[in-house]
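K.L.:
how does the following fold in three dimensions:
(2 chains)
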Amino acid sequence: MRRFAIIWIALAARAAAADPPTVDHVVTAPTAWLPAAGTAIGSASLDQHGTSSIVVGYGLGGIAEVELGGDGDVDQCDSVACKSRLYQARATFRVGARQDEWFDGQPALVFGVQESLPGTRRVGEAYVVASRTLGTGFGSWRLHAGAIALDATADDGSRLGFTVRPIGAIELVPAQYPKTTMMLDVTWLPELHAPGSMTAPVQAAWLGGFGVRYQALSWGSIELAIRASSVEDRGVMVRINGVLGQ
Amino acid sequence: MKKLWIVALVAGIAATADAQPSDPYNHDAGGNGSAQAPPQEPQPPPPPQPGPEQPPPQQHTVRVLGRTRMYELPNEASAVMTYVEPNEQLVPVRTEGEWTYVENWRGQAGWIKTSRVAAAQAPASPDDAAAEEAKQEPPKKPEKPRPPDPPVDLPMLIAAPTGWLLPAAVLYSRTGLDTGGGFTSDNRVGLGDVAEFGVKTLDQVRSCSGPTTLSDCANSASAIQPYFTAIFRMGVGEDRLFDGQPGLVLGFEKSFERDDGDNATRIAELTLVASKKLGDRASIHVGAAFWDAEFTNSTSDTTVALHNLDGGFANQIRPFAGLAASPIAKSELLVDLSWAPQFCYACNTSGPTDNQQIRLRPELAWGVRYKVADWMLLESGVRVPDIGNANLLDAQIYGAVTFVTWGLRHAVDSVK
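P.N.:
Residues are numbered from 1 along each chain as shown, chains lettered A, B, ... in the order given. Below you'll find the predicted structure:
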């Protein structure tokens, strides 16, 4: 245990050289990075099935972020397959502390709540995530770990109920390629099943992804990722991210 | 010989002419044969002739009250250089005791008695008519620069009131939206540093018409909006009565009657709140609210009021509290607990569950307020309308913008 603590402190000390990025997600999982005060961020994505998303966010005072957007991440399944997506407008509020803010070695911490806008099918999330940048000989590692609480309702009023699941992600910025980030994550989303199917009307399903982000511009990056959920292969996704006012 | 005399006379006249000063005052002085006339008047330089591309620098000038002697030294025993006329502009250079060293338009510099100096006037060319007018008017007192407006302690956290009042004639406006479709607007004005008045529209009052039990109602209740109220608050500022005294405010908020289907609803709230700053970066707010609410069903013509339900005052009194902290300058982290009425029109009207028809539900909220400018704040956060129900789907993410302006105060001050 003591050895682990020494290694952690040593790695954390090296982390000072690597500034945490502003992007608040890995592939799908949230990170604890918060944009600076007055900074606007935006991202837009499209996958091979034509599912798209767009999100814009704003840094509030350096300690919080508010996001507005829409996506089709939630699966809608019939008795055979999950081939349609539930597009939802949603808002997210995240508040937290940056890494090393309270004490040396402290990971960045964020408490976030995400709510869909009113409708018959609603999804709500709350999560706590810790993120830390660690420097090694290979490059800069970014580790993310936390827990997410989910709830959702289906058309017929069926409800998932308060469900808690772990989330995690790893990012690596190789020393030789400082503009490239390799990503791997897992998170959880509600999954809505049509009435009469064999499974429960609303379930929590894991969603994993891995990919590469290339910081092409000081204010913009592009991502290529492959995602898969517990019920289907979601295929390739391309996403662009932009930061204004940094 | 006669020729010699003529030549000598001409030469003498010429010499006298050479010795004549161009200064008419010196000529006069010499003409008077005064013994105090300067023996050797220096040749004054011509007045400056600035070119059109280089306007002369504007200088502060003075005049004398009457014809005044200009001395070579700050001493009446020293030589008189010339006489200064009242219409002549002089540039003061420095003062020593009762003497002022001045320079006239001819470039002559010398000392005059300060008591002979008239009031200063605005710089202007000698033939400037405006300068002549200005000469007649007493100099204006320069206006004091207005001190910067002090920061305003806001009257609300997220949903809970604070024990701080708006300063006199300061306007406050807060407008918000949330993911539940709620819209709020709160507009107030400070009255004499001891009170404030405002008009609000709420999205916290909720109702349900179908469910007949409290738990079902909690899951399906929706906000009645817009719900207009008027609010009046009065109190004393922090440390006003004694050191360490928290800000104390007594507030009363009353709604206009609001129809909700077949039911006409009304609410009223009396609050007493104390707020105390903990250092420069944190504050705590604690208070109690005395609520009343009622609805009248137009079909059955029955009225149900909170104060008539079983439980008495216990149903109506609720504590509320809040915390604010600024971990970073211009950013404030807010957490508060407040209460709002919920109408359950179809709930049981008899037995021990009678009071379910109108219940006060606790609301927890947290968020961040970011001061974009002295007059504008952006705010966002999460509100959980019924924390007793612990429904994640009921949580609402809200955004609000707040404007605070001293404009009315400055306008009032300028009229005074």
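K.L.:
wait, doesn't B:L191 sit right on B:F197?
P.N.:
Yes: at 6.0 Å, B:L191 and B:F197 qualify as touching, with contact defined as C-beta atoms under 8 Å. No exception for glycine: its C-beta is placed from N, CA and C like everyone else's.
K.L.:
more neighbours: which of these two?
P.N.:
It is B:L191, of B:L191 and B:F197, that has more neighbours when counted by other C-beta atoms under 10 Å in any protein chain shown, with 18 against 15.
K.L.:
where does the stretch 51-200 of chain B dip in pLDDT?
P.N.:
Where the stretch 51-200 of chain B drops to pLDDT under 70, the residues are B:51-59, B:119-137.
K.L.:
can you name the residue of it nearest to chain A?
P.N.:
B:T179 (4.7 Å; C-beta to the nearest C-beta).
K.L.:
backbone phi and psi for that residue, please?
P.N.:
Main-chain torsions, B:T179, degrees, to the nearest 10: phi -70, psi -10.
K.L.:
which residues does it contact?
P.N.:
A:R90, A:A91, A:E115, A:S116, A:L117, A:P118, B:Q396, B:I397, B:Y398 (C-beta atoms under 8 Å, 6 or more residues apart in numbering or on different chains).
K.L.:
from those residues, which has minimum pLDDT?
P.N.:
When these are compared on pLDDT, A:P118 comes out lowest, with 76.
K.L.:
nearest spatial neighbour of it, skipping sequence neighbours?
P.N.:
Counting by C-beta to C-beta, 6 or more residues apart in numbering or on different chains, A:P118 lies nearest to B:G181, which is 5.5 Å off, once chain neighbours are set aside.
K.L.:
quick one: contacts for the one you found?
P.N.:
A:L117, A:P118, B:A223.
K.L.:
for B:V102, same thing?
P.N.:
So B:V102 contacts B:V62, B:M70, B:V84, B:L90, B:V91, B:P92, B:V93, B:A109, B:G110, B:W111, B:I112, B:V117 (C-beta under 8 Å, 6+ apart).
K.L.:
pretty sure the first one is touching B:E88, no?
P.N.:
No: the pair B:V62 and B:E88 fails to qualify as a contact (C-beta under 8 Å) at a distance of 10.0 Å.
K.L.:
run through the strands of chain A in chain order.
P.N.:
Ranges of strands within chain A are A:40-47, A:52-60, A:64-77, A:84-97, A:108-116, A:122-135, A:139-153, A:163-174, A:180-193, A:202-214, A:220-229, A:233-244, based on DSSP state E.
K.L.:
need those strands in TSV (columns: mean neighbour count).
P.N.:
Formatted as TSV, these follow (neighbours: other C-beta atoms under 10 Å in any protein chain shown):
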stretch	mean neighbour count
strand A:40-47	18
strand A:52-60	20
strand A:64-77	21
strand A:84-97	20
strand A:108-116	23
strand A:122-135	22
strand A:139-153	21
strand A:163-174	18
strand A:180-193	22
strand A:202-214	19
strand A:220-229	18
strand A:233-244	17
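K.L.:
any idea what B:T296 is bridged to?
P.N.:
Counting by DSSP bridges, B:T296 is bridged to B:A264, B:T303.
K.L.:
check contacts around the residue in chain A positioned nearest to chain B.
P.N.:
Nearest residue of chain A to chain B: A:G61, at 2.7 Å (C-beta to the nearest C-beta). Contact partners of A:G61, counting by C-beta under 8 Å, 6+ apart, are A:A37, B:I328, B:K330, B:S331, B:E332, B:V368, B:R369, B:Y370, B:K371.
K.L.:
show me those residues that map onto strands.
P.N.:
B:I328, B:S331, B:E332, B:V368, B:R369, B:Y370, B:K371.
K.L.:
tally of neighbours for the fifth one?
P.N.:
Yep, that's B:R369 we're talking about. 24.
K.L.:
go on, the third one?
P.N.:
By the other C-beta under 10 Å criterion, the neighbourhood of B:E332 contains 24 residues.
K.L.:
bridging residues for the closest residue to it other than its chain neighbours?
P.N.:
Residue nearest to B:E332 in three dimensions, not counting chain neighbours: B:R369, with 4.4 Å by C-beta to C-beta, 6+ apart. On the basis of DSSP bridges, B:R369 is bridged to B:E332, B:E379.
K.L.:
hang on, B:R369 packs against B:G399?
P.N.:
No: at 11.2 Å, B:R369 does not count as touching B:G399 under the criterion of C-beta under 8 Å.
K.L.:
touching both of the two, which residues are there?
P.N.:
B:L378, B:E379.
K.L.:
any idea what the closest residue to A:V27 other than its chain neighbours is bridged to?
P.N.:
Once flanking residues are discounted, A:V27 sits nearest to A:G209: 3.3 Å by C-beta to C-beta, 6+ apart. In this entry, A:G209 is beta-bridged to A:D185, A:R227, by DSSP bridges.
K.L.:
helix or strand for B:H410, which one?
P.N.:
Assigned by DSSP states H and E, B:H410 belongs to helix B:407-415.
K.L.:
tell me the SS of B:N315?
P.N.:
Secondary structure state of B:N315, per DSSP: H, G, I helix; E, B strand; the rest coil, is helix.
K.L.:
give the contact list for it.
P.N.:
Counted by C-beta under 8 Å, 6+ apart, B:N315 has contacts B:L306, B:H307, B:L309, B:N355, B:L360.
K.L.:
do the same with A:L46
P.N.:
Here A:L46 is in contact with A:S52, A:M237, A:V238, A:R239 (C-beta under 8 Å, 6+ apart).
K.L.:
which pLDDT value goes with it?
P.N.:
So A:L46 comes in at 94 (pLDDT).
K.L.:
returning to that earlier point: from the ones in strands among the contacts of A:G61, which two are the most distant?
P.N.:
B:I328 and B:R369 (11.6 Å; C-beta to C-beta).
K.L.:
and A:T163, bridged to which residues?
P.N.:
Assigned bridge partners for A:T163, using DSSP bridges, are A:L150.
K.L.:
who's in contact with it?
P.N.:
By C-beta under 8 Å, 6+ apart, the contact list for A:T163 reads A:A149, A:L150, A:D151, A:A204.
K.L.:
list the buried residues in stretch B:401-412.
P.N.:
Within stretch B:401-412, the residues that count as buried by 16 or more other C-beta atoms under 10 Å in any protein chain shown are B:T402, B:V404, B:T405, B:W406, B:R409.
K.L.:
could you export the residues you listed as CSV, including pLDDT and distance to B:T100?
P.N.:
What follows is the buried residues of stretch B:401-412, written out as CSV (pLDDT from 0 to 100; distance: C-beta to C-beta, whole Å):
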residue, pLDDT, distance to B:T100
B:T402, 97, 57
B:V404, 96, 51
B:T405, 95, 49
B:W406, 93, 44
B:R409, 90, 44
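K.L.:
adding distance to B:R258, write those residues out as a markdown table.
P.N.:
Output for those, formatted as a markdown table (distance: C-beta to C-beta, whole Å):
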| residue | distance to B:R258 |
| --- | --- |
| B:T402 | 25 |
| B:V404 | 28 |
| B:T405 | 30 |
| B:W406 | 34 |
| B:R409 | 33 |
